[in-house]
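Would you be able to build a 3D model of this:
(chains A and B)
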There are 2 protein chains.
Amino acid sequence: MTATAKPTLAEVATRAGVSTATASRALSRSTRVSREARTAVEQAVADLGYVRHRAPRAGSRDTGAVAVVVCEDMLHYQSDLFYSRLLVAVERALAPHERELLVLTALRHTSRPSLLRFLRGGHVDGVILVGLRGDDALPRLLRAADVPVVSMGRPPGGAEVPFVDADNVGGAAEAVRYLQSRGRRRIATIAGPADMSVGVDRLTGYRRAVRLTGTAREIVAHGDFTVASGDHAMMRLLDRCPGVDAVFAASDPMAAGALRALTRLGVHVPDDIALIGFGDDALARRTSPRLTTVRQPVEDMGARAVTELVGGGPVPGRVVMGTQLVVRQSA
Amino acid sequence: MTATAKPTLAEVATRAGVSTATASRALSRSTRVSREARTAVEQAVADLGYVRHRAPRAGSRDTGAVAVVVCEDMLHYQSDLFYSRLLVAVERALAPHERELLVLTALRHTSRPSLLRFLRGGHVDGVILVGLRGDDALPRLLRAADVPVVSMGRPPGGAEVPFVDADNVGGAAEAVRYLQSRGRRRIATIAGPADMSVGVDRLTGYRRAVRLTGTAREIVAHGDFTVASGDHAMMRLLDRCPGVDAVFAASDPMAAGALRALTRLGVHVPDDIALIGFGDDALARRTSPRLTTVRQPVEDMGARAVTELVGGGPVPGRVVMGTQLVVRQSA
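Below is the predicted model of the structure:
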């Protein structure tokens, strides 16, 4: 090695006292590297004057942007605080990677030619898909074009795409078990759309908990995650099952809608009907009474998706993050 | 000319009975062409089998996307219905051009390297800037890189960039004159930020109308266009000027905030204090009482910006669209 030879990653690793793999991860800003190792690697890079060459990953590119495709109507997307939380998280996670966040919406038109053309045209380093419905071809088409993809939430229809999700089944079951533990016996659910995995999984969790009791029957009305649909579903539930004493709504906006209907009818929450939402968005702290809800780690989910897409980590496969019941006033 | 020669634009114009310039504008979907001329040109195109070749404009490109850069915090952006209206309008206007809408947010960091790198990197056909503040360098940097730019709203600091705006001065003055015509004498304003042209211009309109009366004095409190800032500004106004009998708020969210403060204090709107907002977003129809407000033609403004950016029309220069006072219940 002459004095002018470029230092190698192995030399950086040796100087930092870590393995080459750890040095690589540290340079990729992976979260799986200790602070000590990262500091040592950064010092070694500075000492040696090492210049990083990105490993040629499949689909690796450097356009300076990551796209979030929200499979939702623009107006609903703008009104649902879940998306705010997620996008703020993604934006923050992208900043150290010097990548811009591009938001695109695509309700039921995810295969439109212009969207595919742009996403496959070399303009983005990766795509985060949010709210996929039914048997959407978009994940398959993007992967076929070597565009790195992560789905926020388990993709419906069994699409073979890496995803980051919350434990929707476990979180929903915990909410229902909590209602049971408080003596509630006729527990209904306002479920999400049947063509979205987040709708299916939270309903599955409700069903598991209800069936465990052996006697209770399932009481289900569907909504579309909006406040208005929660209001309407609550009215249908009261019509069909006047004796209901608790409701698990599969999203905070639907819980807020159910609360609006109950308040309008003079039904007291939680004394007459206990109510639990799902999400723990800012909305849950704005209702009166404030919502007991299942907190999903949206911030961590967004950061994890970014790490896997542009942080240089391995393809994540299936990441399911834990939820937490947050008890406030509505149950 | 042989039977197989391609027809020219001049031949289309001759057949349609219009000038070549008008034929070109009609094909560019410019709004400055009469319906009759457009129909005649379209018929001539069909008759002759004319195939349009886009004129090579400076910065002309075809990436398949237009970026809207919202100079706003992500959470505020997500909560303000003005942006929903605008983005829906832009999305609709882009669809026939088969361009995707990319939304980026950039509060006080519009010159960050990653944003410039992406926008100048050949990934977008044009950029619509929304909510520029102060002496932002972004318009100048984009134009220097031959990226087509339109500002939504007059750019502050005199930046040389084409823009589409509402008549903020005229709309504000009309609101104040309406309050005067209803016998109000102590009319205050909740103005927007002083570093945004939309804040400055609506305050200018208020001042013009107040000064015309010769005797009335100006009563001004500033907000930042959010509901919370309208609430706080209303409290300050009541402290400083207990005799105020009308308020012109420079945005609907600020008017809703002022209404919240007045309702909390038991002040009746409009009997005690008349209130007018600006925007006519969906929010104006959701408050109680419903807001009298100045309607700005956001849908037309968004469509016009798109036409000028990707519709092949000439650079627009300065487009100022009229506003309309919508009288409801609050004044």
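
Can you give me every residue that contacts residue A:265?
residue A:238 (C-beta atoms under 8 Å, 6 or more residues apart in numbering or on different chains). Yep, even glycine has a C-beta here, placed from its N, CA and C like the rest.

can you check residue A:227 too?
Shown in contact with residue A:227 (C-beta under 8 Å, 6+ apart): A:253, A:254, A:256, A:257, A:260.

how does it look with 10 Å?
Each residue near residue A:227 by C-beta atoms under 10 Å, 6 or more residues apart in numbering or on different chains is listed here: A:79-80, A:251-260, A:283.

how much space is there between it and residue B:118?
Using C-beta to C-beta, to the nearest Å, we find residue A:227 at a distance of 35 Å from residue B:118.

out of all of them, which helix in chain A is the longest?
Longest helix in chain A by number of residues (criterion: DSSP state H): helix A:197-212.

what's that helix packed up against?
Applying 3 or more C-beta pairs under 10 Å, 6 or more residues apart in numbering or on different chains; DSSP states H and E, one finds that helix A:197-212 contacts strand A:163-166, helix A:168-181, strand A:187-191, strand A:219-222, strand A:246-249, strand A:274-279.

Give me whichever of these is most buried.
For those, the largest average neighbour count (mean count of other C-beta atoms under 10 Å in any protein chain shown) is found in strand A:246-249, namely a mean of 31.

next structured bit after it?
Downstream of strand A:246-249, the next assigned helix or strand under DSSP states H and E is helix A:252-264.

Need the distance between the two termini of stretch A:304-317.
Stretch A:304-317 stretches 12 Å from its first residue to its last (C-alpha to C-alpha, to the nearest Å).

Look up the closest residue to the residue nearest to the spatial centre of chain A, ignoring the ones flanking it.
In chain A, the residue lying closest to the centroid (C-alpha atoms, centre = their mean) is residue A:152, at 4.6 Å. Among residues not flanking residue A:152 along the chain, residue A:130 sits closest, at 4.4 Å (C-beta to C-beta, 6 or more residues apart in numbering or on different chains).

Next, give phi and psi for that neighbour.
When read as degrees, to the nearest 10, the backbone of residue A:130 gives phi -120, psi 130.

who's in contact with it?
Contact analysis of residue A:130 by C-beta under 10 Å, 6+ apart lists A:68-72, A:77, A:82-83, A:86-87, A:90, A:103, A:105, A:150-153, A:302, A:305.

what is it paired to in the beta sheet?
Counting by DSSP bridges, residue A:130 is bridged to residue A:70, residue A:152.

Could you measure from it over to residue A:147?
Using C-beta to C-beta, residue A:130 is found at 16 Å from residue A:147.

likewise residue A:97?
Residue A:97 is 17 Å from residue A:147, where distance means C-beta to C-beta.

Tell me which of these two has more neighbours.
More crowded of residue A:97 and residue A:147, by other C-beta atoms under 10 Å in any protein chain shown: residue A:147, with 22 against 19.

buried sites along stretch A:205-212?
Buried residues in stretch A:205-212, defined by neighbour count with 16 or more other C-beta atoms under 10 Å in any protein chain shown: A:205, A:206, A:207, A:209, A:210.

brain fart, stretch A:7-17
For stretch A:7-17, the neighbour count (16+ other C-beta under 10 Å) marks A:7, A:9, A:11, A:12, A:13, A:15, A:16 as buried.

what about it, distance to the chain center?
Distance, stretch centre to chain centre, for stretch A:7-17: 37 Å (C-alpha atoms, centre = their mean, to the nearest Å).

And for stretch A:62-72?
Distance of stretch A:62-72 from the chain centroid (C-alpha atoms, centre = their mean) equals 15 Å.

for it, how far is the first residue from the last?
Stretch A:62-72 has an end-to-end distance of 27 Å (C-alpha to C-alpha).

Rounded mean pLDDT for stretch A:68-82, please.
The predicted model gives stretch A:68-82 an average pLDDT of 82.

Span of that stretch from start to end?
Distance between the boundary residues of stretch A:68-82 (C-alpha to C-alpha) amounts to 14 Å.

how about it: buried residues?
Of all the residues in stretch A:68-82, those buried under the rule 16+ other C-beta under 10 Å are A:68-82.

go on, stretch A:36-44?
Residues of stretch A:36-44 classed as buried by neighbour count (16+ other C-beta under 10 Å): A:37, A:38, A:40, A:41, A:44.

Can you list which of those residues are found in helices?
Secondary structure from DSSP H places A:37, A:38, A:40, A:41, A:44 of the buried residues of stretch A:36-44 in helices.

right, and residue A:70 touches residue A:115 too?
No: in this structure, residue A:70 is not within contact of residue A:115 by C-beta atoms under 10 Å, at 11.8 Å.

overlap in contacts of these two?
In contact with both residue A:70 and residue A:115: A:104, A:105, A:106, using C-beta under 10 Å, 6+ apart.

Could you identify which of these has the most neighbours?
Counting neighbours by other C-beta under 10 Å, residue A:105 leads those with 27 neighbours.

close enough to count as contact, that one and residue B:91?
Yes: the pair residue A:105 / residue B:91 is scored as a contact, 7.4 Å apart, by C-beta under 10 Å.

what touches both of these two?
With contacts taken as C-beta under 10 Å, 6+ apart, the residues that reach both residue A:105 and residue B:91 are A:74, B:100, B:101, B:103.

Lowest pLDDT pick from those?
For the shared contacts of residue A:105 and residue B:91, the least confident entry is residue A:74, with 76.

related to what we said a few turns ago, now, which of the ones in helices among the buried residues of stretch A:36-44 sits nearest chain B?
Minimum distance to chain B across those is 21.4 Å, recorded for residue A:38 (C-beta to the nearest C-beta).

What pLDDT is listed against the closest one?
The score at residue A:38 is 82. That number is its pLDDT.

Now do the nearest residue to it once chain neighbours are set aside against chain B, distance only.
The shortest distance from residue A:38 to any non-neighbouring residue, by C-beta to C-beta, 6+ apart, is to residue A:26 (4.6 Å). Per C-beta to the nearest C-beta, to the nearest Å, residue A:26 is found 21 Å from chain B.

and residue A:26, what helix or strand is that in?
helix A:20-27.

one step back: which of the buried residues of stretch A:7-17 fall in helices?
Among the buried residues of stretch A:7-17, the ones falling in helices (DSSP H) are A:9, A:11, A:12, A:13, A:15, A:16.

now these as TSV including distance to chain B and pLDDT?
As requested, these are exported to TSV (distance: C-beta to the nearest C-beta, whole Å; pLDDT from 0 to 100):
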residue	distance to chain B	pLDDT
A:9	25	80
A:11	29	85
A:12	25	84
A:13	28	87
A:15	29	88
A:16	27	89
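
list the contacts for the closest residue in space to residue A:23 that isn't next to it in sequence?
Using C-beta to C-beta, 6+ apart and skipping residues adjacent in sequence, the residue nearest residue A:23 is residue A:13, 3.9 Å away. Applying C-beta under 10 Å, 6+ apart, we find residue A:13 in contact with A:19, A:20, A:21, A:22, A:23, A:24, A:26, A:37, A:40, A:41, A:44.

if we can go back for a sec, could you redo the buried residues of stretch A:7-17 as CSV and give each row distance to residue A:236?
CSV is the format used below for the buried residues of stretch A:7-17 (distance: C-beta to C-beta, whole Å):
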residue, distance to residue A:236
A:7, 68
A:9, 61
A:11, 68
A:12, 63
A:13, 62
A:15, 67
A:16, 62
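
Would you confirm that residue A:95 belongs to a helix?
Yes: counting by DSSP: H, G, I helix; E, B strand; the rest coil, residue A:95 is part of a helix.
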